[in-house]
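1. Kindly return the folded structure for what I paste below:
(chains A, B and C)
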Amino acid sequence: MPETMLLVPVRTSKQGTSLNAGKLKPEYQKITSTVEISLDDMERLELKAGDQIRLRARGREIVVSCQQQKPKSSTPGMMFIAYGPMSSELMDGDTAGTGMPPSKHIRVEIEGPI
Amino acid sequence: MSENTIVVENATCTFCGCVCDDMDLTVDLDEKRITKAKNACVLGRAWFSEHTIEDYPAALIDGKEASIDDAIEEAAQILVNARFPIIYGMSDTTCEAQRQVVAIADYIDGNVDTTTSVCHGPSGMAFQGVGESTASLGEIKNRADLVIYWGGNPAEAHPRHFIKYAVTPKGMYIPNGKKDRTVVMVDIRPTQSAPVADIFLQVNPGSDFEVLWALRALVKGKPIDTSIEQRTGISLEKLEDLANRMKSCQYGVLFFGMGLTMTRGRHFNSGALLALAADLNEYTHFVAKPVRGHGNVTGADNVVSWQTGFPFGVNFNRGYPRFNPGEFTTVDLLVRGEADAACIIASDPASNFPRQAIEHLKKIPVITFDPKPSITSKLARVAFTTATYGINTGGTVYRMDDVPIMLRPAFESPYPSDELLMKKIKDRVRELKQH
Amino acid sequence: MSGTLRIVNGKVYDPVNGVDGEVREICIRDGKIVETVPDDAERIDAHGMVVLAGGVDMHCHIAGAKVNLARKFQPEDHRLDIHPKTPHTRSGTGGVVPSTFATGYRYATLGYTTAMEAAVPPLTARHVLEELDDTPIIDKGFYILLGNNVFLYKMLEEKRMDEFRQAVAWWLNASKSYTLKLVNPGSDEAWKGKKNTNIKNLDEKINAFDITPRQVIKAFIDVANDLGLPHPAHIHCNNLGHSGNYETTLGTMETAEGRRAHITHIQFHSYGGEVGKNPTSKAAEISDFINTHPNISADVGQVMFGKSTIMTGDAPLAWMLRNVTNKQKWVNADTECESGCGILPFSYQQHIYTHALQWAVGLELFLLAKDPWRMVLSTDHPNGGSFMSYPKLIKLLMDRGYRREQAALANQKAIMSTNLLDLEREYTMQEIAIITRAGPAKLLGLCDKGHLGIGADADVTVYDEIDDKEQMFSTARYVIKDGQVFIRNHEFCADHTGRLLHVEPEYDPSIANSLKPFFKDFYTIQFENYAVADKYLHNHQVIPTPHELN
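-> Okay, the predicted model is just below:
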């Protein structure tokens, strides 16, 4: 059974500042392809900071690097990623008739480190 | 840095919906850059410093440099010859430009939608069902003694919200600033914003609706079972405490964000929150406010509403405006493959839309308007480089609380403004349609 | 607008110039009514038609923040009433709160050429100006809400009367507005600051201030007169809608002490009875007062059965109505330091006692008015009903038989409690011209509007003369604005944006020294960014102050 977790795209300060520099530039690309995972989950999955992991949802996949969540805001089972092309890749196109795709709480399978 | 500098006082930052109008910008006129932005937050500083004049062609057709006039002609032809042309974006440009955009959509019998549909569109839908008790941000500053943030992270997305409007400022009836207020934060995890809160409530992902509905019941004195804790992650005791605080405050406010609109329930979540705020008015004065992302998304809502009667997702195929989220909203039109031409203004859907939508966007002629190259402009048939609103152009923008503010540009740009381009395309489209 | 035009063979009704249905020629050149034009001027044969000056609506809610909230709020209302584009006109949506283009075109279709948006917080004046610029054909202006303005309250409380006056003048200039408006003065502080309470008495202290509503009303009536504004303080009295409120209305009118004041939608303020019990009609008492006090003017605020929208600066009123109508969807919007607002979908139903009473009271006020110049037509659009119902209202006033038929369909207990059925009067065409054109223009101080004399603005409406007055007034055959024909044979043949009408009373610029510190402490917009820049004016006309009364 592959490991699944919740992926939650969010806005961050760094995403906002690097966005201004340009979305095609490396800083933005890097910030939007890094996930924050709790220490508990990293230990369980045998990951260390900077490792690449593959996330899959609905037949699509992305490769991102991981970073540890701050202990104070640790959320085992939930990973956070700055909004961007990576998180959008896994987003479902079905808006349930609302116009809004389900942009947060994407259930993903994890594979890694790769 | 040259010696040829000026200071533009009381300029407006349009990066986020706070639309702070107290920027003092030091502008190097020779280098055409803003070297200092006094009062700006970290996002505003990046906004001002990174929008310089870079060396891009003013217009590209199929990736090759073209004259602006040729590009306008090509754009007009694409829009007029399409059967289902759509226009999307609009939230990072002025109201003056937005007014021209809606006119184009009207003349081409097309579809016009703003970034609202993937942001607070659900809140707009909830508004149509429930209404909203709300206030301008100065009322919060002057009166609010209970400030609740739900599903948002102002510290990272609206950094000056706390200090300018809702938490630290002293107000007419809040002489001691933060000491006179209680701040509550509700989120699925303690974010960078959490340290500001007196009370932090961690809610299970996807269960905000249940919490809000339970609060409605508690406010009305109806019993709630203790199993609410298992359901939502928040204990009955904490919810009762919050309900009591809400009922007994002098002036309360609920700010809410994407945590509600982008998760299970969407407009039901927004609707539950708005209904809760309405209910509370039977006990005290209570308001709610969606915290808007882009600088002029509120302007886009206003312009589209006043010109068409509907706030977003508006279709003119029959010669008059129709509204139906899910049918005439852009993600859906692209995912279903209905649009056969797209005009994207000050927005980057190829970055932020679901994969199926992006795949369709690649198949149809796309026209983009953006001060910087983006993933969307790279796939466009016609791409315009535009002057940046608020930095190079004047115009009107609306703050998240619908207060309209005039922009004070810092330095000129060699690129045309959105408004100018839209007007030219509008005129050409009208000519073509009349023949 | 250049171009010459001659309208011949039409029956002209021009109360200002004493023309009462005679067949007269109307000549137009360069946007004005003139004595003669050359023989080769365009000719409109108005045989079988009636020629009036363009209509003037002096109290409606058509543009700005609260109107836009009400628009966004009711998509279901728009869907029932589409407004397709034509080769000359933009598309839109209708219903009780139409989109901006539809608003302008529909006013023009009715033969109206000027309309005044009645309630705007100056903080959002920019918004109103943008919307009015997208409201075609008609000339327009707006009134700013100052009656709950916190800075001005402080000035009154501290008896800094000169600064009060300078600040009022500054505010009119800064917002590009037409006059000052009071709505339920004193209530904002109770509503926002004291857990949703309200003002009930003209002489009670306003929450957190050492002044009373009566003092506020007097101060604003005085300052509007002292500044010589073409239209005086425009007042929505306290206690709107409550049984027994006619006493508050009389008290408010008495406060004017002989100086000009305008009481708006006075029908809603003309009730007897006890609070909490059914209202009764006090139209006769209110009418008597106005008939004997020539300094007071009013617009009726007639209720029309059918759909409406409550859209008011009187936030406590909207809340009260929400609670008595099944707690349906409702909007409240506070504006810092300036005003409040409440919005609610609504409808008036013939069988409901209170609604039938309101309908009857409005008609009584029209029929009892000795001086129609000072009791003009309005429905407080859209609060009492849509402006699209004006033709039906005109028919009710002109056709006693029709009025009786309609009264028979309404709640009889309510109708019988009034004197409506005893009032035989039928308005003449001339009187209709007064209450829909000449009267409002005069009350607004618009000397070049509302009449067809030499020098008047060439805003002219030509209607087919039809027995059924509702049919007649629901669509003009020709509408001429600034001398150009925009509606010809009932169809739009061109588009146009009218003028913004505003005042620029003199003020001492050093008032900024008093305002700036207040803005810094209590507003959230920079003082330097507050005043509206001239770029928002587009096509505009300053109406001079002090105004010379004829």
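2. Can you give me every residue that contacts residue C:309?
-> Each residue near residue C:309 by C-beta atoms under 8 Å, 6 or more residues apart in numbering or on different chains is listed here: C:70, C:74, C:77, C:96-97, C:343-346, C:382-383. Bear in mind the C-beta positions are built from the backbone N, C-alpha and C, glycine included.
3. just checking: which of those residues also lie near chain B?
-> Subset of the contacts of residue C:309 in contact with chain B: C:74, C:97, C:343, counting by C-beta under 8 Å from any C-beta of the partner chain.
4. can you give me phi and psi for residue B:37?
-> The phi/psi pair for residue B:37 (degrees, to the nearest 10) reads phi -130, psi 90.
5. Run through the bridge partners of it.
-> Beta-bridge pairing of residue B:37 under DSSP bridges involves residue B:25.
6. What of residue B:111?
-> Assessed by DSSP bridges, residue B:111 has beta-bridge partners residue B:86, residue B:315.
7. hang on, the earlier thing: mind listing which of the contacts of residue C:309 are in helices?
-> Judged by DSSP state H, the subset of those located in helices is C:70, C:77.
8. show me where the stretch 301-450 of chain C has helices.
-> Taking DSSP state H, counting those that start in this stretch as the test, the helices found in the stretch 301-450 of chain C are C:315-324, C:353-368, C:390-398, C:400-409, C:412-416, C:429-433, C:439-444.
9. So residue B:426: helix, strand or coil?
-> Classification of residue B:426 using DSSP: H, G, I helix; E, B strand; the rest coil returns helix.
10. quick one: contacts for it?
-> Listed by C-beta under 8 Å, 6+ apart, the contact set of residue B:426 reads B:100, B:103-104, B:107.
11. For the stretch 51-200 of chain B, give the residue positioned nearest to chain C.
-> Nearest residue of the stretch 51-200 of chain B to chain C, counting by C-beta to the nearest C-beta: residue B:138, 2.7 Å away.
12. mind listing what the nearest residue to that residue once chain neighbours are set aside touches?
-> Counting by C-beta to C-beta, 6 or more residues apart in numbering or on different chains, residue B:138 lies nearest to residue C:336, which is 2.7 Å off, once chain neighbours are set aside. Counting by C-beta under 8 Å, 6+ apart, residue C:336 makes contact with B:135-139, B:141-142, C:123, C:522-524.
13. what do you get if the cut-off is 10 Å, keeping everything else the same?
-> Applying C-beta atoms under 10 Å, 6 or more residues apart in numbering or on different chains, we find residue C:336 in contact with B:135-143, B:171-172, B:401, B:403, C:121, C:123, C:150, C:192, C:522-525.
14. What's the local residue count around the closest residue to residue C:377 other than its chain neighbours?
-> Nearest residue to residue C:377, sequence neighbours excluded (C-beta to C-beta, 6+ apart): residue C:435, at 4.4 Å. Number of residues near residue C:435 (other C-beta atoms under 10 Å in any protein chain shown) recorded here: 25.
15. The one 4 residues further on now?
-> Each residue near residue C:439 was counted by other C-beta under 10 Å, and the total is 26.
16. Show me the residue sitting in the middle of the chain in space.
-> Defaulting to chain A. What sits nearest the mean C-alpha location of chain A, by C-alpha atoms, centre = their mean, is residue A:81, with 3.7 Å.
17. ah, no, chain C please
-> With distances taken as C-alpha atoms, centre = their mean, chain C has residue C:59 as the residue nearest its mean C-alpha position (0.2 Å).
18. what about the nearest residue to residue B:269 once chain neighbours are set aside, distance to residue A:87?
-> Nearest non-adjacent residue to residue B:269, counting by C-beta to C-beta, 6+ apart: residue B:260, 3.9 Å away. Separation of residue B:260 from residue A:87 (C-beta to C-beta, to the nearest Å): 18 Å.
19. now do residue B:59
-> 32 Å.
20. hang on, the earlier thing: present the ones next to chain B among the contacts of residue C:309 as JSON lines; the columns should include pLDDT and neighbour count.
-> Shown next, in JSON lines, are the ones next to chain B among the contacts of residue C:309 (pLDDT from 0 to 100; neighbours: other C-beta atoms under 10 Å in any protein chain shown):
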{"residue": "C:74", "pLDDT": "96", "neighbour count": "22"}
{"residue": "C:97", "pLDDT": "98", "neighbour count": "29"}
{"residue": "C:343", "pLDDT": "98", "neighbour count": "29"}
